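Colleague: Task: produce atomic coordinates for the following.
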Amino acid sequence: MFETPEEKIAENFLQVREIAKEVASDLVIAYGAEIYYTPDVLDKLEKKRIPTLNDSRYALIEFSMNTPYRDIHSALSKILMLGITPVIAHIERYDALENNEKRVRELIDRGCYTQVNSSHVLKPKLFGERYKFMKKRAQYFLEQDLVHIIASDMHNLDGRPPHMAEAYDLVTQKYGEAKAQELFIDNPRKIVMDQLI
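Modeller: Now for the predicted structure:
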């Protein structure tokens with residue numbers, strides 16, 4: 001896995017934020033990271049060497065797709081003990097959580113929040129069959145009311161475009177405008193403002 005030193009990331013962020021102010025003065029860019037969980041993450045979080053979301057109580061935590069449930073549960077419990085609230089990134093990717101309402105509810109009941117990717121909310125025919133299973137999982141979690149946030153997981157405009165508008169429209173059609181507003185706007189805003197969801 002490629003790693004960039006935290007100091008370099010912070011420096012790049014400040015540069016991007018300054019450029020963005022010149023281009024769109026009303027655009028607010030918040031500092032944060034999707035944190036791939038490894039054993040050293042706990043120490044880095046405790047020492048504030050890796051960022052939470054906009055310096056809030058929330059940290060976006062990612063696991064390997066095949067991480068066993070006991071390891072996910074253990075890692076999230078340790079993060080919670082640091083006083084940090086995990087937002088579990090793209091829960092539809094994890095085999096250990098597939099169609100398992102009990103496990104996801106257990107993590108939510110412990111104090112975690114969940115996120116699914118906007119591209120996985122969309123209909124499989126729009127993007128081919130390759131990730132159809134993730135789209136089915138995302139739909140299951142939405143139907144069980146186990147999702148707190150829908151976000152893009154955008155890495156670039158070509159390989160992983162955001163598809164936020166399309167996903168917002170689909171969620172509005174299926175679950176109503178209020179639910180779409182909650183998942184795409186209200187809950188993410190609360191996180192970056194360090195408020196309770």
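Colleague: most residues in a single helix of the protein, which one?
Modeller: Counting residues, the longest helix found in the chain (DSSP state H) is helix 6-23.
Colleague: same question for it, mean pLDDT?
Modeller: For helix 6-23, mean pLDDT rounds to 90.
Colleague: for the record, mean pLDDT for stretch 68-81?
Modeller: The model assigns stretch 68-81 a mean pLDDT of 98.
Colleague: returning to what we had before: now do the longest helix of the chain: everything it contacts.
Modeller: Leu27, Ile29, Tyr31, Ala33, Lys44, Arg49, Ile50, Pro51 (CB atoms under 8 Å, 6 or more residues apart in numbering). C-beta coordinates here come from the backbone N, C-alpha and C atoms, glycine included.
Colleague: Tell me which two in the residues you listed are the farthest apart.
Modeller: Farthest-apart pair in the contacts of helix 6-23 is Leu27 and Lys44; separation 28.6 Å (CB to CB).
Colleague: Can you give me the buried ones in the helix or strand where Lys44 lies?
Modeller: Using DSSP states H and E, Lys44 sits in helix 41-46. For helix 41-46, a neighbour-count test (16 or more other CB atoms under 10 Å) marks Val41, Leu42, Leu45 as buried.
Colleague: got it, and stretch 137-157?
Modeller: Buried residues in stretch 137-157 (16+ other CB under 10 Å): 137-142, 146-151, 153.
Colleague: Show me what secondary structure element comes after the lowest-mean-pLDDT helix or strand in the chain.
Modeller: The helix or strand of the chain with the poorest confidence is helix 124-127; it has a mean of 58 (mean pLDDT, DSSP states H and E). Toward the C-terminus, helix 124-127 is succeeded by helix 132-143 as the next helix or strand (DSSP H and E).
Colleague: For this protein, which residue occupies the most central location?
Modeller: Geometric centre of the chain, nearest residue: Ala89, 3.6 Å, by CA atoms, centre = their mean.
Colleague: Give the closest residue to it in space, chain neighbours not counted.
Modeller: Of all residues not flanking Ala89 in the chain, Glu62 sits nearest, at 4.2 Å (CB to CB, 6 or more residues apart in numbering).
Colleague: my guess is the one you found meets Val41, correct?
Modeller: No: judged on CB atoms under 8 Å, Glu62 makes no contact with Val41 at a distance of 10.2 Å.
Colleague: The residue of the chain most remote from its centre and Asn100: what is the separation?
Modeller: Taking CA atoms, centre = their mean, the residue of the chain most remote from its mean C-alpha position is Glu22, at 28.2 Å. Shown here: Glu22 relative to Asn100, a distance of 47 Å by CB to CB, to the nearest Å.
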